[in-house]
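Trainee: Okay, here's the prediction I keep looking at, along with the sequence it came from:
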Amino acid sequence: MRRFALVDRLAAPFRGVEGFAPYTFVFYAYSPSVLDGSWERPGITRSFRYDPEGPSSWIRVHGNPRIAWHRRVVGALERAGYTRTLSFKDETVCQRWLRTRRQCLAELRFLAGIAEGGPPSVSRRQTRPRSRAPQSPTLFELLEAARAAPIPWNECALGFAHRERLRGELQGLSLLVGALGFQDQDGQRLENYVSIFDPSSRNRAIPTDLQRRARRELRAAGYRLGKGTGSVFGTREASTARNAVGECKRVLSRLNRSRGT
């Protein structure tokens, strides 16, 4: 098992930084076939994650969906309570949302029991009557449980973010500023990101003139801009976690300081 030093490296400098909080993490345990570079060969990739919508687990069943092994594995996952969310010519993706701390810990045990041959034989997810209200898990609680789980994770990602309404010439728009850290077999990587959008718009699009102003500010700050239309998104590599925290503070100040002309 890999303990993923990235978690401690990124979390430490964000402690005590007002307004920033962890909002997402994900762990991956890739199929040996995927690690060998073949996504078409039969195999199973496991992942456990926490998003703003809550915790969930995803299982990707690789290989031709028409072969008996593939159908058997997907069928066992559906009987275990998973929902088939995506199907491709060489992959089926199954997902299960998790609502309580107890469900999350049970899910990690379930994921640990999955081998390349498929999930354990189960008919359906068993539940027991509860004598008290279920506990909602915190992100850090589940993060540590996933790190300690007997699962050969290959990759981890963790993100911190801050959201606020902008002032100045971009007044009224929402700003999401954060830092993401990644760790895999090639090492650790850190990057800052900025997203500017209109929360009152159905597709979050912002007026064209404000898009130009926001893009100008981010380019001047050294961000690579996304190609999407409507909202504005940019990323910038960070050399250390402390630098990532400092950049979050700088870009917040820069965008709020911006004035109309």
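Mentor: Received the coordinates, thanks. Residues are numbered from 1 along each chain as shown.

Trainee: Going by C-alpha atoms from here, please, whenever you check contacts or count neighbours.
Mentor: OK.

Trainee: Tell me the helix or strand right after the helix or strand hosting residue 176.
Mentor: Assigned by DSSP states H and E, residue 176 belongs to strand 174-184. Sequence-wise, the next helix or strand downstream of strand 174-184 (DSSP H and E) is strand 187-197.

Trainee: List the buried residues of that following strand.
Mentor: Within strand 187-197, the residues scored as buried using 16 or more other Cα atoms under 10 Å are 188-197.

Trainee: ok, the strand holding residue 176: who's next to it in the sheet?
Mentor: Strand pairing for strand 174-184, determined by DSSP bridges: strand 155-165 (antiparallel), strand 187-197 (antiparallel).

Trainee: Export those as JSON lines, with columns for distance to residue 38 and mean pLDDT.
Mentor: Shown next, in JSON lines, are these (distance: least, Cα to Cα, whole Å; pLDDT from 0 to 100):
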{"stretch": "strand 155-165", "distance to residue 38": "17", "mean pLDDT": "93"}
{"stretch": "strand 187-197", "distance to residue 38": "22", "mean pLDDT": "93"}
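
Trainee: can you list the weak-confidence ranges in the protein?
Mentor: Residue ranges of the chain with pLDDT under 70: 1-2, 116-118, 120-135, 229, 258-261.

Trainee: Strand 174-184 and the biggest helix by length in it, what's the angle between them?
Mentor: Scanning the chain for the longest helix, with DSSP state H as the assignment, gives helix 241-257. Relative orientation of helix 241-257 versus strand 174-184 (axes from the mean of the first three to the mean of the last three Cα atoms, to 10 degrees): 160 degrees.

Trainee: and residue 69, what element?
Mentor: helix 68-79.

Trainee: moving C-terminal of that helix, what's the next helix or strand?
Mentor: Trace forward from helix 68-79 with DSSP H and E and the next one is strand 83-88.

Trainee: elements contacting the following helix or strand past that next one?
Mentor: Later in the chain than strand 83-88, the nearest helix or strand by DSSP H and E is strand 91-97. Here strand 91-97 touches strand 54-62, helix 68-79, strand 83-88, going by 3 or more Cα pairs under 8 Å, 6 or more residues apart in numbering; DSSP states H and E.

Trainee: roughly how far out does the helix or strand that comes right after strand 91-97 sit from the chain middle?
Mentor: The helix or strand immediately downstream of strand 91-97 is helix 101-112, counting by DSSP H and E. On the basis of Cα atoms, centre = their mean, to the nearest Å, helix 101-112 is displaced by 18 Å from the centre of the chain it belongs to.

Trainee: what residues does helix 101-112 touch?
Mentor: Outside helix 101-112, the residues within contact range by Cα atoms under 8 Å, 6 or more residues apart in numbering are 46, 48, 55-57, 98, 134-137, 142, 145-146, 149-151.

Trainee: The next helix or strand after it to strand 155-165, inter-axis angle?
Mentor: Once helix 101-112 ends, the next helix or strand along the chain (criterion: DSSP H and E) is helix 139-148. Here the directions of helix 139-148 and strand 155-165 differ by 170 degrees (the same axes, to 10 degrees).
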